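Engineer: just the structure for this:
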Amino acid sequence: MHELGVVFYVVRDVKQVAEENAVEKVSAVKLQIGEVSGIVHEYLTDCWNWARKKEPVMEEAELKIEQIDAVSFCEDCQGEYPTVQYAKVCPHCGSERTYLKRGNEFLIKEIEVL
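Structural biologist: Predicted structure coming up:
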């Protein structure tokens with residue numbers, strides 16, 4: 001379960017931003033997570049709920065997750081399509097000359113403070 005390691009990095013980064021901005025309490029952290037990033041949202045939330053209680057500045061911070069849908073691009077027909085539904089084969093032309101355009105990101109989008 002790599003979600004715990006990911007949470008440790010998020011906590012570290014949020015703490016650093018809070019310190020740099022003299023923030024006493026973080027009320028929420030919003031993450032953008034790609035659909036094919038390999039992160040299981042439920043595990044991430046469980047790890048978050050454990051880890052946030054270890055840091056006074058974040059002990060009541062809510063975790064908000066926005067999913068970034070996975071989209072692939074076909075080099076032959078120049079079309080885009082939903083990656084999870086069609087995988088590597090373009091549904092428009094049947095080509096396998098495709099690549100993931102978005103959907104594997106992991107970003108801290110917002111930090112809300114009291």
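Engineer: run through who's touching stretch 23-31.
Structural biologist: For stretch 23-31, the external contacting residues (Cβ atoms under 8 Å, 6 or more residues apart in numbering) are 10, 14, 17-18, 44, 57-58, 60-66, 106-114. All C-beta atoms are positioned from the backbone trio N, CA, C, and that covers glycine.
Engineer: now the buried members of the residues you listed.
Structural biologist: Buried members of the contacts of stretch 23-31, counted by 16 or more other Cβ atoms under 10 Å: 10, 14, 18, 44, 57-58, 61, 63, 106, 111.
Engineer: mind listing what's buried along stretch 43-51?
Structural biologist: Neighbour-count burial for stretch 43-51 [16+ other Cβ under 10 Å]: 44, 47-48, 51.
Engineer: which ones among these map onto helices?
Structural biologist: Of the buried residues of stretch 43-51, the ones assigned to helices by DSSP state H are 44, 47-48, 51.
Engineer: for the helix or strand containing V14, which helices and strands make contact with it?
Structural biologist: Here V14, judged by DSSP states H and E, is contained in helix 3-20. Under the contact definition 3 or more Cβ pairs under 8 Å, 6 or more residues apart in numbering; DSSP states H and E, helix 3-20 sits against strand 26-34, helix 41-51, strand 106-113.
Engineer: tell me the strands beside the last one, with direction?
Structural biologist: Applying DSSP bridges, strand 106-113 is found paired with strand 26-34 (antiparallel).
Engineer: how far does the partner strand sit from the chain's center?
Structural biologist: 8 Å (Cα atoms, centre = their mean, to the nearest Å).
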